[in-house]
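Trainee: 3D model of this:
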Amino acid sequence: PVFSHKSIPSHARIALAIFLTAMVGGRAYEQPIPDEGYSLFYVVFANFVLGFMMGFTAKLLFSIVTAGGEMMDAAMGFSAGQSFDPSLGSQTTIIGKFFGMLSIVVFFSVNGPERLLEALNNSFDTFSIYLPVLEINVFRIIHLCGDIIRMGFVITSPIVLTILINDIVLGLISRASPQINAFQISFTIKPSVGVIIWLLIMPLFFSGLEKLFMSSTRLF
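Mentor: Predicted coordinates for the structure are as follows:
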């Protein structure tokens, strides 16, 4: 995460990969080479799959925060302000992009890179590099990914639920007094209510992000 962003030059990412390989390369020499059943193709493929799973779950931490911000944009009526982000290659919203940058700040504040490096180093104890027997608890991975998604939605749920209650109230007002154009009023009320609630829950938002990143090492 962070260093995989398209704004990071490819040469810097290649240098980082070589540097990380040099850091954990000593652990590879500690692994005993099996006497038989050794296949270079199998070892490379199996370790590629494990590395892909680790990278995917780490990237999921940031994706769910950005998705939560996009949900808030949709609830508050800011989806019309979408813009194309060349670095991501997709459309981004105002709060979604802000949440993405904010998650990077929190990630570094809780020593996220160091924790991921520690998890990478500990993965050699969990899975031997030669992988004579590959045992992956798929249900545990699904459960942990589900926890990440649940925590991400919990972070943004106060604003989404508040906007939902606001829509219900406006719907009741529209039924009680058809002369009031509740749909037009909502364009003014929903963004204001959403921003106010967001400012009120900002301390809880930071603590929720910290808890999300602090628990990321459970994935490995």
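
Trainee: can you pull the buried residues of the helix or strand harbouring residue 124?
Mentor: Following DSSP states H and E, the helix or strand that holds residue 124 is helix 112-126. Across helix 112-126, burial judged by 16 or more other Cβ atoms under 10 Å covers 112, 115, 116, 119, 120, 123. C-beta: built from backbone N, CA, C; applies to glycine.

Trainee: same thing with stretch 101-111?
Mentor: For stretch 101-111, the neighbour count (16+ other Cβ under 10 Å) marks 102, 103, 104, 106, 107, 110 as buried.

Trainee: go on, stretch 67-82?
Mentor: For stretch 67-82, a neighbour-count test (16+ other Cβ under 10 Å) marks 67-73, 75-79, 82 as buried.

Trainee: what's the spacing between the top helix by length along the chain and its chain's center?
Mentor: Using DSSP state H, we find that the single longest helix of the chain is helix 138-176. Helix 138-176 sits 17 Å away from the centroid of its parent chain (Cα atoms, centre = their mean, to the nearest Å).

Trainee: average model confidence for that helix?
Mentor: Helix 138-176 shows a mean pLDDT of 74.

Trainee: ditto for stretch 113-124
Mentor: For stretch 113-124, mean pLDDT is 81.

Trainee: Residue numbering should commence at 17 henceforth.
Mentor: From this message on, residue numbering opens at 17, which makes the last subject stretch 129-140.

Trainee: What segments of this protein are helices?
Mentor: Under the criterion DSSP H, the chain contains helices at 26-46, 56-92, 110-125, 128-142, 154-192, 198-216, 218-230.
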